[in-house]
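**Q** I would like to see how this sequence folds:
(2 chains)
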Amino acid sequence: MNQALTYLWLVLLKRRTLHFIRELRRPTTLIGFAALALCFGFWFHHRHNEVFAYLVRRDVLIGGALLMLGGSLLKGFWHRGLVFEPPDVEFLFTSPFTQRQIVLYRLLPGYLFAVVQGLVFFALFEPHLKHPLLTSLCLVLFQIACFHLATGAAIFAGTISEQSHHRIRWMVLGVCFLITALYLRAAWGLKLVPSFASSPFMQELYYPALTLSDIASAPSLNQWTLSLVNNSSYQFQVLGQGVIYLGFIGAVAALSLWLLFRLKANIFETSLATTTRAAEKRLRLREGRRVVEVAETRQDSASLPRVPFFRGVGAIIWKNLVVASRCKRELLIAAGFTLIYTGFLIALRWLLHHQMSQGGQLPAREVREFDKILVGLLCFLVFILQRAFPFDFRRDGHHLVGFRTLPISPLALALAELTVPTAFCLAFQALGVVVLMILSGFDWLMMLLMLLAFPAVALALNGVWNLHYLLAATKRAGGRTESPSPVAMILVVALSFLVFYPAGWTAVQVGRQTYGPTSEPLAIGAFLLIQYAVDFLLILMLAKLFQRAEVSRDSL
Amino acid sequence: MSARTLTSSSAPQSSTSLWEKLLNIFVSPGEVFDEVTAGPRALANWRVPTLLLCLAGVISLLISNGEHTAVAIRQLAGAGEASKTQTEMLSGGWPLVGSLTVCFAACAGTFWSAFVLWLMGRVLLKVRFSYLKALEVVGLTGMILVLGTLITSLLIAASGDAATRPSLSLLAGKMDAGHPFRQLLDMFNVFHLWTTTLLAIGLSRLSGASFKEAAFWVFGYWLFARIALIILA
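**A** Numbering: from 1, shown residues only, chains lettered A, B, ... in the order given. Next up is the predicted model:
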């Protein structure tokens, strides 16, 4: 290996590492990295689990090795030549390096990857291996061999014609599939190809390379003939009925088609209008606006607020309340959903009440536990309600530029944006609580818990989703109108649950460490404390993001 | 998709009759396919061989009726699925059912194979040619199957074994007919290889591609995909 190339690689590695660390300032990169780190931490924590022992079984390792080999071969062969960075091409190809040195330089990142992979393997599977160090070293070397194979395949693929490459590519794919299917059959007993594929009838697919008498003497044909002999009258009756049904429905289909063709209306104008509407709807969806178009009705101006609370940054809350008052459809849907959901909880509570009135014995403590579960389920309602109240950055994302001209702090703005959806979530949850109280008599502790916990949960969820809405709005303001990727949506949904993990974990730890009647209130108190702290951090993050959005807009 | 379109601009030097084509396909298939490709559509080119094939299939069933019926009835009686009366009825009705099946298989197989050839040309070789031309090629190739069916029947009649085939399985001795290795050896049937080669020639003539390229796809489908299915099923 040439020393200059080694130095170049080390310098580039250092630069990329620093660039990656700087990129962690971006929320999406940070979330992705944190998710990966959390995943690894979780696996490392549970590395003594049986699942890990199962993963290093002989047949699983053979499967993994086959996968690595096949993947390397396919990846290399697909590339048709080695892939370099454009500056690398300019520098390396014009400098006095030998081909061997350049290939080795190209392989260096792969070697590093193999070493890191070996370390991760060692860390996770060390408890389940007889010779962990040796096995990890073997993995590193095998991975290196796979990189060599991929590089060789890429170089070879570059030397052959396009036609041959196309042909060999299919051959390699076919062979890989065959090996995979053979492995799955031998090691796992899985048959990718069903057993009827070897039936004589399947030879028909390869006509004329077949033996006709094989088809005529197929066992299934004999069995069918026998069943026809046994149940001929019944079979014919069933067959006759089938033919009648098929004929009737076929006639209906044909008749409807005939009638359709006889329609004299002009389809072009109406289709044009419909197509335009559909395209507009798609565009609105992509830009994060409402899918349902608001009817062009005259809206009276709302009067200015007289309460001092709605002045200053409170004006944004007032504006969102006015918008909410004009969105009766959303509110009605949310109310309907709340009543249906609460109805389900009431039915559960009524069932318990009914069973107890029939003589079923249940200690008061367990009834209280049951009520707690109902309250927990009611708390879950906010996960769904949050999406029903778009009176936050979802709508106001289009006005980010206008908001920055207002004399208000980002923190106040973030709070104002979260206020209306959170208040609506709580109001609808309160509606559910009131309905539920018809059958359940909640004690003061439970009421206090609901009073404190529901806002914490609602605020957290609205905070997480508004982070997503604000990021999307920032992208739109930057001219990128693509809809959010599925990965981003999954991340947001995952974060909606993970945001409660710190508080939940703390509550569990406090509950374990304390004893007696104070244990439960202490755990709940710890949960609320941590959750409100997390909520505050989320609001701070929203404010910070809003600030950054301002900066990026300025720089445009 | 940039596809080449073949036109029948070059007229054949001399056209042969259908019967000459049916016989020439055994000795000079390339010339026959050249003529089919360049000539106008002739539905008799696939209808007559398919009818001959149906006839050969029925004759084959009649020749080897005893062996096939015995094997079939032995299977059902062995499994306890058929009583004595039923086996008698079956032995009486089986030739009819078998003949109908053979005729249906010949017709359906011709259409299917023509479709596969047409699809290979369209998708893999990026060449457009008429489906009816592919049908003619497959139909004429069926003449090899006619010969193969008759020879197979004679072999069965001579050996008394319903599983005898003109293939490498002749070397397998008394190996069970359901054994995967025996099935694999059966794959290397002289007539199967012959028909596959003819299909490759036909595809190369229809598409204008080289024989090697056409053979790659045709043998890939008609031979290797089949072997893979037998191994994996």
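**Q** ok, A:Leu431 - contacts?
**A** A:335, A:338-339, A:342 (C-beta atoms under 8 Å, 6 or more residues apart in numbering or on different chains). All C-beta atoms are positioned from the backbone trio N, CA, C, and that covers glycine.
**Q** that's a helix at it, yeah?
**A** Yes - with DSSP: H, G, I helix; E, B strand; the rest coil as the criterion, A:Leu431 is part of a helix.
**Q** re the thing from before, tell me the buried residues within the contacts of A:Leu431.
**A** Buried positions within the contacts of A:Leu431, assessed by neighbour count (16 or more other C-beta atoms under 10 Å in any protein chain shown), are A:338, A:342.
**Q** tell me which of the contacts of A:Leu431 fall in helices.
**A** Among those, DSSP state H puts A:335, A:338-339, A:342 in helices.
**Q** among these, which two are most distant?
**A** Using C-beta to C-beta, the ones in helices among the contacts of A:Leu431 span at most 10.4 Å, a distance reached by A:Ala335 and A:Thr342.
**Q** check the gap between A:Thr180 and A:Leu67 for me.
**A** Computed as C-beta to C-beta, to the nearest Å, the A:Thr180 to A:Leu67 distance reads 8 Å.
**Q** oh, that last question was meant for B:Glu136, not what I typed.
**A** For B:Glu136, the distance to A:Leu67 equals 46 Å [C-beta to C-beta].
**Q** what's the answer for A:Met541, then?
**A** Computed with C-beta to C-beta, the distance linking A:Met541 and A:Leu67 is 40 Å.
**Q** those two: which is more packed in?
**A** Neighbours around A:Met541 and A:Leu67, counted as other C-beta atoms under 10 Å in any protein chain shown, are more numerous at A:Met541. The numbers are 17 against 14.
**Q** helix, strand or coil for the residue nearest to that one when sequence neighbours are not counted?
**A** With sequence-adjacent residues excluded and distances taken as C-beta to C-beta, 6 or more residues apart in numbering or on different chains, A:Met541 is closest to A:Leu467, at 6.4 Å. In terms of secondary structure, A:Leu467 is helix; the call rests on three-state DSSP.
**Q** what number of residues lie near A:Leu467?
**A** Here the neighbour count serves as a burial measure; for A:Leu467 (other C-beta under 10 Å) it reads 20.
**Q** next: A:Tyr105.
**A** Applying other C-beta under 10 Å, we find 20 other residues in the vicinity of A:Tyr105.
**Q** same question for A:Val420.
**A** Applying other C-beta under 10 Å, we find 22 residues neighbouring A:Val420.
**Q** that one should be in a strand, yeah?
**A** No - counting by three-state DSSP, one finds A:Val420 to be helix, located in no strand.
**Q** any low-confidence regions in chain A?
**A** Applying pLDDT under 70 to the predicted model, the residue ranges of chain A that meet it are A:1, A:198, A:226-240, A:285-299, A:478-486, A:549-556.
**Q** buried set for stretch A:342-353?
**A** Buried-residue list, stretch A:342-353, by 16+ other C-beta under 10 Å: A:342, A:345-346, A:348-349, A:352.
**Q** just stretch A:423-430 next, same as before
**A** Along stretch A:423-430, the positions that meet the burial threshold by neighbour count (16+ other C-beta under 10 Å) are A:423-429.
**Q** stretch A:522-541 too?
**A** By neighbour count, and taking 16+ other C-beta under 10 Å as the criterion, the buried residues in stretch A:522-541 are A:522-524, A:526-528, A:530-532, A:534-535, A:538-539, A:541.
**Q** can you tell me how far whichever residue of chain A sits closest to chain B is from B:Ala214?
**A** Proximity to chain B, evaluated over chain A using C-beta to the nearest C-beta, is greatest for A:Tyr207 at 2.8 Å. A:Tyr207 sits 18 Å away from B:Ala214 when distances are taken as C-beta to C-beta.
**Q** apart from its chain neighbours, what residue comes closest to the residue of chain A closest to chain B?
**A** With C-beta to C-beta, 6+ apart as the measure, B:Gly109 is the residue that lies nearest to A:Tyr207, at 2.8 Å, once sequence neighbours are left out.
**Q** can you name every helix or strand that the helix or strand encompassing the one you found contacts?
**A** Here B:Gly109 is covered by helix B:84-119, with elements defined by DSSP states H and E. For helix B:84-119, the helices and strands in contact under the criterion 3 or more C-beta pairs under 8 Å, 6 or more residues apart in numbering or on different chains; DSSP states H and E are helix A:212-216, helix A:219-230, helix B:44-63, helix B:65-78, helix B:131-159, helix B:190-207.
**Q** who touches the shortest one?
**A** This means helix A:212-216. If you take C-beta under 8 Å, 6+ apart as the criterion, helix A:212-216 is touched by A:200-201, A:203-204, A:221, B:53, B:56-57, B:60-61, B:64, B:68, B:98-99, B:101-102, B:105-106, B:145, B:149, B:152-153, B:156, B:162.
**Q** so what's the gap between that helix and the chain middle?
**A** Here the centre of helix A:212-216 is set off from its chain's centre by 52 Å, with C-alpha atoms, centre = their mean, to the nearest Å.
**Q** using PDB, write out every CA atom in that helix.
**A** Taking only C-alpha atoms (Å, rounded to 0.1, in the frame of the first residue of the first chain), the coordinates of helix A:212-216 have been written out as PDB:
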ATOM      1  CA  LEU A 212     -48.000 -36.800 -23.100                       C
ATOM      2  CA  SER A 213     -48.700 -40.100 -21.400                       C
ATOM      3  CA  ASP A 214     -47.300 -38.700 -18.100                       C
ATOM      4  CA  ILE A 215     -50.100 -36.200 -18.100                       C
ATOM      5  CA  ALA A 216     -52.700 -38.700 -19.000                       C
END
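**Q** on that earlier part again, could I get the buried residue list for the helix holding B:Gly109?
**A** Quick answer for helix B:84-119 (16+ other C-beta under 10 Å): B:86-87, B:89-90, B:94-95, B:97-99, B:101-103, B:105-107, B:109-114, B:116-118.
**Q** how far off helix B:190-207 does that helix point, in degrees?
**A** 30 degrees (axes from the mean of the first three to the mean of the last three C-alpha atoms, to 10 degrees).
**Q** show me what the following helix or strand past helix B:84-119 is packed up against.
**A** Remark: after helix B:84-119, the chain's next helix or strand is strand B:127-128, criterion DSSP H and E. Using 3+ C-beta pairs under 8 Å, 6+ apart as the contact test, the elements touching strand B:127-128 are strand B:4-5.
**Q** and the next helix or strand after the strand it packs on, what does it pack against?
**A** With elements assigned by DSSP H and E, the helix or strand that comes after strand B:4-5 is helix B:18-27. Packing partners of helix B:18-27 (3+ C-beta pairs under 8 Å, 6+ apart): helix B:29-38, helix B:44-63, helix B:131-159.
**Q** which other helices and strands does the longest one contact?
**A** Other elements packing on helix B:131-159 under the criterion 3+ C-beta pairs under 8 Å, 6+ apart are helix A:212-216, helix B:18-27, helix B:29-38, helix B:44-63, helix B:84-119, helix B:190-207.
**Q** what angle do that helix and helix B:190-207 make?
**A** Per the same axes, to 10 degrees, the angle that helix B:131-159 makes with helix B:190-207 is 170 degrees.
**Q** relative orientation of helix B:131-159 and helix B:18-27 in degrees?
**A** Using the same axes, to 10 degrees: helix B:131-159 against helix B:18-27 is 70 degrees.
**Q** and the helix or strand following helix B:131-159, which residues are buried?
**A** Toward the C-terminal end, the helix or strand that comes next after helix B:131-159 (DSSP H and E) is helix B:180-187. Of the residues in helix B:180-187, those with enough neighbours to count as buried (16+ other C-beta under 10 Å) are B:182-187.
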